[in-house]
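Asks: what follows is a predicted protein model with its sequence.
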2 protein chains.
Amino acid sequence: MPPSRDDSVETIQRELTAFARRARATAARMHPELSLVSFTLLAHLADQQGCRATDLAAHYLLDKSTVSRQVAALEKLGFVERRPDPDDQRVQVLHPTPLGYETLASVAASRRAVFRERLADWSEEDLSRFAEYLERYGRTATRSEK
Amino acid sequence: MPPSRDDSVETIQRELTAFARRARATAARMHPELSLVSFTLLAHLADQQGCRATDLAAHYLLDKSTVSRQVAALEKLGFVERRPDPDDQRVQVLHPTPLGYETLASVAASRRAVFRERLADWSEEDLSRFAEYLERYGRTATRSEK
DNA sequence: TCAGGTGGTTGTATAGTACAACGTAAATGT
DNA sequence: ACATTTACGTTGTACTATACAACCACCTGA
């Protein structure tokens, strides 16, 4: 007998919740030097080739004060540098430093390794379907939070 | 062209991470009276029909001090009661109170509603496959953290 | 030009978490 | 049987991530 719609929803909810509960601690244990949040912010900077604190806040639905402090921490660690915006003196354009890029690459690699190992015995087809489902879920979830 | 194995792994990682980052805040906004963690602990008590603080800590990989404080908070809110264990005076068996069951049911219902709405336009087949994938992922993830 | 909006920091408060030290109770080994 | 070790739980302390509010400096448009 196939699971009912409600059963599936229940399972999805339970598993995502469990994952959320574990994620931070796991990430922190794996990379004491770069928390889940810092990692994400730094990755975004690398991806965007620099952006403003406000952009980070908007993109991740964080308060600007939170971003301000996270960025300050990243700067203190030497992972991020601030460049003035010639068109607007209020603005600081944030960029990863070479050390930032390096650290990001190494953390990203080791995170990837963990996931890859964890998903080692999945078929290619299952992997791509799982990825698709998560993206789809992420799109609606993000939308409803805005 | 189908995505490569690495692309899929990358996506899965990114989406799960994004979800983790959002989950707590979202849950807190939805249910100020019962955080994600409290909810989870209370749900476990209901599910197990009572258990010890140590069991909660082991099951959720939390420090016993964390559990102690969470339980104290739940008790203060009137959601949990402690019963002595006749066989071991050190032990307190934790049970949801009637109010605890009630609150749990209402929060669970509203959480379910959010998920149901979010997944409303998914086909039954996609839902059940997504649920399966998450369970499968959860099993390996849990194992590798222990 | 000046009123209101924007970018960012800082003060304050809260939740969740870990680790260490502790008290008490049970279990174990000699 | 007693001493040692282990187990359960609490409390003190500290840290991270977070939000909100107050603020300053700067920009923009009527």
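Replies: Noted; the coordinates are in hand.

Asks: which residues touch the residue nearest to residue A:12 when sequence neighbours are not counted?
Replies: Among residues not flanking residue A:12 along the chain, residue B:131 sits closest, at 5.1 Å (CB to CB, 6 or more residues apart in numbering or on different chains). The C-beta positions use only the backbone N, C-alpha and C, and glycine is treated the same way. Going by CB atoms under 8 Å, 6 or more residues apart in numbering or on different chains, residue B:131 touches A:3, A:7-9, A:11-12, A:15.

Asks: make a ChimeraX selection of whichever of these turn out to be buried.
Replies: To isolate the buried ones among the contacts of residue B:131 in ChimeraX, judged by 16 or more other CB atoms under 10 Å in any protein chain shown, type:
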select /A:8,9,11,12,15
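
Asks: returning to what we had before: roughly how far does the residue nearest to residue A:12 sit from residue A:130?
Replies: 11 Å (CB to CB, to the nearest Å).

Asks: cool, residue A:7 as well?
Replies: Residue A:7 is 19 Å from residue A:130, where distance means CB to CB.

Asks: residue A:68 too?
Replies: Distance, residue A:68 to residue A:130, by CB to CB: 36 Å.

Asks: looking at those two, which one has more neighbours?
Replies: Per other CB atoms under 10 Å in any protein chain shown, whichever of residue A:68 and residue A:130 has more neighbours is residue A:130, with 25 against 15.

Asks: off-centre distance for the helix or strand the more buried one falls within?
Replies: Using DSSP states H and E, the element containing residue A:130 is helix A:124-145. How far helix A:124-145 lies from its chain's middle: 15 Å, per CA atoms, centre = their mean, to the nearest Å.

Asks: state the mean pLDDT of that helix.
Replies: Average pLDDT, helix A:124-145: 83.

Asks: got the angle between it and helix B:124-145?
Replies: Counting by axes from the mean of the first three to the mean of the last three CA atoms, to 10 degrees, helix A:124-145 points 100 degrees away from the direction of helix B:124-145.

Asks: mind listing what's buried in helix A:124-145?
Replies: Buried, per 16+ other CB under 10 Å, within helix A:124-145: A:126-134, A:136-138, A:141.

Asks: could you measure from the closest residue to residue A:130 other than its chain neighbours over to DNA strand D?
Replies: Using CB to CB, 6+ apart and skipping residues adjacent in sequence, the residue nearest residue A:130 is residue B:133, 4.3 Å away. The gap separating residue B:133 from DNA strand D is 26 Å, by CB to the nearest atom of the strand, to the nearest Å.

Asks: now swap in residue A:50 and tell me
Replies: 18 Å.

Asks: need the contact list for that residue.
Replies: Contacts of residue A:50 were listed using CB under 8 Å, 6+ apart, and they are A:83, A:93-95.

Asks: please indicate which of the residues you listed are buried?
Replies: A:93-95.

Asks: so which of those residues also contact DNA strand D?
Replies: The subset of the buried ones among the contacts of residue A:50 lying close to DNA strand D, counting by CB under 7 Å from any atom of the strand, is empty.

Asks: now go through the residues you listed and say which are in helices.
Replies: Among those, none falls in helices (DSSP state H).

Asks: export those to JSON lines and tack on distance to residue B:51 and pLDDT?
Replies: Putting the buried ones among the contacts of residue A:50 into JSON lines (distance: CB to CB, whole Å; pLDDT from 0 to 100) gives the following:
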{"residue": "A:93", "distance to residue B:51": "52", "pLDDT": "97"}
{"residue": "A:94", "distance to residue B:51": "47", "pLDDT": "97"}
{"residue": "A:95", "distance to residue B:51": "50", "pLDDT": "97"}
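
Asks: going by distance to residue B:34, which of those residues wins?
Replies: Distance ranking of the buried ones among the contacts of residue A:50 against residue B:34, using CB to CB, places residue A:94 first at 36.7 Å.

Asks: that concludes my questions; thank you for your assistance.
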